[in-house]
Every structure is written in C-alpha cells, then in structure tokens.
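# with the input below, show me the fold.
(2 chains)
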Amino acid sequence: MCGIVGLYMKTNKYAGELGRLSASMLHEMRERGPDSAGFAVYGEAEATDKMVLLSKTGETDWVDLATRLTKATGLDVDQNPVWDHAVFHISGDGTKARRWIIENAHDVTVLSQGRSIEVFKGVGDPDDVAERFNLAGRAGTHAIAHTRMATESAVTTAGSHPFSTGADTCLVHNGSLSNHNRLRTELRRNGESFQTENDSEVAAGYLAWRMREGDNVDDALTHALKDLDGFYTFAIGTADGFAVLRDPIACKPAVIAETDDWVAMSSEFRAIATLPDVGHAEIWEPSPSKIYSWSHAA
Amino acid sequence: MSDVMAKNSTLDLDTMTLREVNRALKDADSGDFDIRNPQGVHALACGLTKPISATIHGHVGYYCAGMNQHAMVTVTGNAGTGCAENMMSGMVRVKGDVSQSAGATAHGGLLVIEGDASARCGISLKGADIVVGGSVGHMSAFMAQAGSLVVAGDAGDALGDSIYEAKLYVRGSVASLGTDCVEKDMTDQHKAALSALLKRAEMDIDVSEFKRYGSARQLYNFKIDNAGAY
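Prediction:
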C-alpha cells in the first residue's frame, strides 16, 4: 500500500497555496505509507537548470562537490544545503551536470533536475518530511507527493518517491512492477542511468526515455501500457503538465477531482475533501488503461 | 454521550470522532440520524444491527455500511471501496458513484447505487440484491453465488466470470462475458423478479429493456471433465 496525491493548478487562483494544500493532502495519506515520503513541487521556471541532490551519508561536503562539478563541466554552481539535501543552481546544461554527479559522486543521489522541479524526500512520518522541507510554504503550478509502504525494495530516502530521471519529469507509483529488472537492463542500454534498485524508478526512467525519443506524455504512457508489467497507479508531472494512469485491471485505487481552477488526484477521496470549492468539483474514479492528462501548453 | 444517542440526532464528524459516531449509531435501537461532514472517512456506519435509518450527507471512504443488518443507510455523495460489503440485510443507497467491490460477498438486503459502480461490483455475491442505476466496471459479479445484480447502464469486461447461481440483468452493453457466463432467456418469472427489484430500488425502467445473464454451468466445478480445459 502507498498513498499518492497530486495537485495541478489550472489557474493562478490558488498557486500561492499549492504547498499548503498539498501538505494537507499528504497528511491524509499518512496511514497508507508511514515509512517514508517525498514530494515534487513545480515552481516558476528559472532561466537555467537546478538539481536537488541527496547526501546518502548525510556528510557530503557540498562546497567541495560544487567546486569539483564546476571544474569537471565548466558550469557555474550555486549551492544551497537543506538538511541532507542541497539545491544546486547551475549556469547551463543540467543533464550534463546530473550525469557527472551520478558517475562521480557516489555518496550523492540526484533527486531532480530541471528548470522548475524540486524533489525532496525523507524516511519517517510523512508530516515530518513535509515540515522539514517546508512543503506548506511552497508556491507553484503543480505538486505531486507520495507516502510509501515499501514492498519491492528497502526503506531508504533514495528509495522514496517521487522518482525523476529526466528534466522536469517525475513519477509517483502505487503498486509494483514485475518486469523492472529486465526493463532496467534495456533502458541502461539505451542510455538511462538508475540510482536505486527500485521498480518505480524504472517506470520513471522508461517515461524519461520515451519522452527523450520524442513522445509526449500521452504517447509515452500509451507505450508504458504495453511495456510495463505489473500493477500501478501513476501520477506524473512534467514541466507544464500532469497525468494519471492506472493499470489495465485497476489494482490500485485512485480518485480525481476537477474544478475550473484545479485538478486533484489521490489514492483516496479524503485527501481531496478539504480542497477549496471541492463541493463543486467533478469527481470520478479513473478508468483502467485510460490516460488522463492536463497541460498548460495545450 | 446520551445526547448523541437520542433519536433523530445529527452526528457531525467535524465535532465528533468516527468512533463516537459509529458508537452512537450502534447503540440506537431505532431512529433517524443525519451524519454531517463525512469527508471521505473509512468504515462509517459499519456493523449496524438495528432497524435505524442513517443519512450520510457527503462522500464516504472505504467499507461504508459494511456488514449491515436491518439498518437503512443512505449516502448522498460517492462511496469508496467495499461499500455495503458483506451486508446481511437492510438497505444501503448511494446517490453518487461507488468504487470497487461494492456489495462484495453480501448475503442479503438491497444495495442501490444511483450512479456508476467501478470494478468488481458484487464480487462473490452470496444472496443480496444490487441495483445499479449507471454502469459497472470489469469483473463484476465474479464468482457470484446467489442474489441478483441489476445494471441499468453498461457492464465492463468479464461480467460474471466463474459465476454460480446469481442472476445478472443488464440493460446496456456488456463489454465481454467472463468464463462460463452466458446470456439466458428472460422468462416471465425473471421479468417479474426484476420488476419487483426495480420497484424496491425506486427506478422506473421497463424490464423488457434488460437482458439476463447467468452460469452456463460448464466450468470444472460443475463438470469435472472440463478440469483440464483451464
């Protein structure tokens, strides 16, 4: 069992309250995933990329890492530590920086990379994780959060969701995949890099790979229905979009609510119950194998 | 607590705990209750055993009115997974939609869903009647043993898979029938039974618009010679 929440702002009306509303949604899903939690917030797009890094040892020397990264890639780095995480603002191509970190900084996991996404995670009570990284104080266009009850791999901060393996793309997953080992091998061959043994990271890597090959989110998810074996409810964030997909037999729960101002998705209705104007929301349970997506670009 | 146990009370989940509300309902021998601010909580109005009436104003979470006996429970909004699961008697009415496994293993009573039900509606049904005003999802009435499932809309894939003696009536399309489930003749006896069910559910629909489905009784549990086929 895991808990998922996603909140996507269709208008600016509640953009300033994105974090507060997401934190209250996450709170309701605490019992579904008490062992660890994480969230992705999409803020205003910056001029260049940023990365959120996690220190696996909690003792990473961020200043030294930033210096080494600059020396190796020629990119200027501005680093801001937050607990065992650090946000690196980079002067240029974040994909190159991400790859360098994965290959050279073995005590560090790259949680996200992109112009608007920031991912934070932690082990323990989801409310504590949200508070530690000030989820409630964050503004933005959309947020995805997850409370985890681990089944397929260990309870670690790096194994918590969301998983982001491509620029401004992230995924949270309730369920488990049965063909993740073979898929991981194939995706590695296609140039994806993985940082955990987690099955959900493979799903995120799969989507990132499809989108790098030119798919939009809907196309990537259509391919995912064919290539991913297992059960899943996914919530997916991109730079300007949000999507939901359930496996063909809809093993794992999901409910969506939509108003003129926002779209909310969660494992259970109670996470949605306190959102503003929910009394006028259209509320439905997503059908199996059906891709639901929203985008500001469309 | 005596004030909340009085008949015709309003029970407000903004000011009472779930346990207090359920206790108040269980302690009453009769009466009408209005339950406010359910906010999707789980296991509301479960295990009731007395002929009380409870109207829940809003949306509920999992297992609402599960194991119901004699009580009449109405939900004005939507219900989550397992609504009225294992109901023994009484009546549960949901005015909105319900999630998976509505009326699962229910032995008796009537479950009315005015909106849609999702997957596995009436799974392993053991004698209760379920009337759905909208459509039902895939694997509905899986291994249903007794009772009836009436669907005024459409049915999803694998309707009535491995069904025993439950009766299925569907007005719209059936995406696919499950293993050993077949269309059957609609006799006058079945029309009369369906008509009575629709009347109890307060749905005014012509019974001639429905088709009946049930077990072909060819699965290996009926014919051991077919064991090798699966």
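# need the single longest helix in chain B, by residues.
Using DSSP state H to assign secondary structure, the helix with the most residues in chain B is helix B:188-200.
# show me what it is packed up against.
Counting contacts by 3 or more C-beta pairs under 8 Å, 6 or more residues apart in numbering or on different chains; DSSP states H and E, the secondary-structure elements packed against helix B:188-200 are strand B:126-132, strand B:146-151, strand B:167-170. Bear in mind the C-beta positions are built from the backbone N, C-alpha and C, glycine included.
# what does stretch A:7-20 contact?
Counting contacts by C-beta atoms under 8 Å, 6 or more residues apart in numbering or on different chains, the residues outside stretch A:7-20 that touch it are A:21-22, A:25, A:41, A:134-144, A:242, A:259-265, A:275-276, A:294.
# hmm, 6 Å instead?
By C-beta atoms under 6 Å, 6 or more residues apart in numbering or on different chains, the residues outside stretch A:7-20 that reach it are A:21-22, A:135-143, A:242, A:261-264, A:294.
# out of those, name the ones that lie in helices.
The members of these that map onto helices under DSSP H are A:21-22.
# flag every residue of chain B that's near chain A.
Taking C-beta under 6 Å from any C-beta of the partner chain as the contact definition, chain B meets chain A at B:39-40, B:59, B:61, B:99, B:118-119.
# out of the residues you listed, who's nearest residue A:182?
Ranking the residues of chain B next to chain A by separation from residue A:182, with C-beta to C-beta as the measure, puts residue B:119 on top at 28.3 Å.
# wait, is the closest one part of a helix?
No: under the criterion used here (DSSP: H, G, I helix; E, B strand; the rest coil), residue B:119 is coil, not part of a helix.
# per-residue pLDDT, it?
According to the prediction, residue B:119 has pLDDT 95.
# which other residues reach stretch A:59-71?
Counting by C-beta under 6 Å, 6+ apart, residues outside stretch A:59-71 touching it are A:77, A:79, A:81, A:86, A:105, A:107-108.
# err, stretch B:66-74, not the other one
B:45-55, B:65, B:85-93.
# how far away from the center of its chain is the longest helix belonging to chain A?
Ranked by residue count under DSSP H, the longest helix found in chain A is helix A:199-212. Using C-alpha atoms, centre = their mean, to the nearest Å, we find the averaged C-alpha position of helix A:199-212 to lie 12 Å away from the chain's own average C-alpha position.
# and stretch B:66-79, by the same measure?
Stretch B:66-79 sits 9 Å away from the centroid of its parent chain (C-alpha atoms, centre = their mean).
# may I have stretch B:214-228 as PDB, with CA atoms only?
These are the backbone C-alpha positions of stretch B:214-228, laid out as PDB (Å, rounded to 0.1, in the frame of the first residue of the first chain):
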ATOM      1  CA  GLY B 214     -26.000 -16.400 -15.700                       C
ATOM      2  CA  SER B 215     -23.900 -19.500 -15.400                       C
ATOM      3  CA  ALA B 216     -23.600 -22.000 -18.300                       C
ATOM      4  CA  ARG B 217     -22.600 -24.500 -15.600                       C
ATOM      5  CA  GLN B 218     -19.800 -25.900 -17.800                       C
ATOM      6  CA  LEU B 219     -16.900 -24.800 -15.600                       C
ATOM      7  CA  TYR B 220     -14.900 -27.600 -13.900                       C
ATOM      8  CA  ASN B 221     -16.600 -27.100 -10.600                       C
ATOM      9  CA  PHE B 222     -19.900 -28.100 -12.400                       C
ATOM     10  CA  LYS B 223     -18.400 -30.600 -14.800                       C
ATOM     11  CA  ILE B 224     -15.200 -32.300 -13.600                       C
ATOM     12  CA  ASP B 225     -14.500 -33.500 -17.200                       C
ATOM     13  CA  ASN B 226     -13.700 -29.800 -18.000                       C
ATOM     14  CA  ALA B 227     -10.900 -29.500 -15.400                       C
ATOM     15  CA  GLY B 228      -8.200 -30.000 -18.000                       C
END
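# can you pull the buried residues of that stretch?
When neighbours are counted by 16 or more other C-beta atoms under 10 Å in any protein chain shown, the buried residues of stretch B:214-228 are found to be B:214-216, B:219.
# determine which two of the residues of chain B next to chain A are furthest apart.
For the residues of chain B next to chain A, the maximum inter-member distance is 24.1 Å, found between B:39 and B:119 (C-beta to C-beta).
# next, count neighbours for the residue lying closest to residue B:79 once chain neighbours are set aside.
With sequence-adjacent residues excluded and distances taken as C-beta to C-beta, 6 or more residues apart in numbering or on different chains, residue B:79 is closest to residue B:98, at 4.5 Å. Using other C-beta atoms under 10 Å in any protein chain shown, residue B:98 has 32 neighbouring residues.
# if we can go back for a sec, go ahead and build a ChimeraX selection from the buried members of the contacts of stretch A:59-71.
The ChimeraX selection below is limited to those of the contacts of stretch A:59-71 classed as buried (16+ other C-beta under 10 Å):
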select /A:77,79,86,105,108
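# can you tell me which of the contacts of stretch A:59-71 end up in strands?
Taking DSSP state E, the ones among the contacts of stretch A:59-71 that sit in strands are A:77, A:79, A:81, A:86, A:108.
# for the third one, give me its contacts.
This means residue A:81. residue A:62.
# for the stretch 1-150 of chain A, which residue gets nearest to chain B?
When distances are taken as C-beta to the nearest C-beta, the stretch 1-150 of chain A reaches nearest to chain B at residue A:28, 8.1 Å away.
# show me what contacts that residue?
Residue A:28 sits in contact with A:270-271, where contact means C-beta under 6 Å, 6+ apart.
# how about it, phi and psi?
As for residue A:28, its main-chain torsions (degrees, to the nearest 10) stand at phi -70, psi -20.
# any idea how far the spatially closest residue to residue A:262 that is not a sequence neighbour is from residue A:294?
Counting by C-beta to C-beta, 6+ apart, residue A:262 lies nearest to residue A:9, which is 5.4 Å off, once chain neighbours are set aside. Spatial separation of residue A:9 from residue A:294 under the definition C-beta to C-beta, to the nearest Å is 10 Å.
# again, but for residue B:158
For residue B:158, the distance to residue A:294 under the criterion C-beta to C-beta works out to 31 Å.
# so between the two, which is more surrounded?
Remark: of residue B:158 and residue A:294, residue B:158 carries more neighbours, 23 against 18, as counted by other C-beta under 10 Å.
# please enumerate the strands of chain B.
Residue ranges of the strands in chain B, as given by DSSP E, are B:10-12, B:32-36, B:53-57, B:72-75, B:91-94, B:110-113, B:126-132, B:146-151, B:167-170, B:181-184, B:211-215.
# and for the stretch 151-298 of chain A?
Secondary structure of the stretch 151-298 of chain A, counting by DSSP state E, counting those that start in this stretch: strands at A:163-166, A:169-177, A:230-238, A:241-246, A:255-258, A:262-266, A:282-284, A:292-295.
# any chance of the ones you listed in TSV, plus mean pLDDT?
As requested, those are arranged in TSV below (pLDDT from 0 to 100):
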stretch	mean pLDDT
strand A:163-166	91
strand A:169-177	95
strand A:230-238	97
strand A:241-246	97
strand A:255-258	97
strand A:262-266	98
strand A:282-284	95
strand A:292-295	97
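# now these in JSON lines, with distance to residue A:194?
Shown next, in JSON lines, are those (distance: least, C-beta to C-beta, whole Å):
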{"stretch": "strand A:163-166", "distance to residue A:194": "7"}
{"stretch": "strand A:169-177", "distance to residue A:194": "13"}
{"stretch": "strand A:230-238", "distance to residue A:194": "17"}
{"stretch": "strand A:241-246", "distance to residue A:194": "21"}
{"stretch": "strand A:255-258", "distance to residue A:194": "30"}
{"stretch": "strand A:262-266", "distance to residue A:194": "26"}
{"stretch": "strand A:282-284", "distance to residue A:194": "34"}
{"stretch": "strand A:292-295", "distance to residue A:194": "25"}
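# what's the closest of these to residue A:152?
Distances from residue A:152 to each of those were compared using C-beta to C-beta; the minimum, 5.0 Å, belongs to strand A:169-177.
# from the rest of the structure, what touches the closest one?
Looking at strand A:169-177 with C-beta under 6 Å, 6+ apart, the contacting residues turn out to be A:2, A:4, A:40, A:144, A:146, A:151-152, A:161-164, A:199-200, A:203-204, A:208, A:228, A:230-238, A:252.
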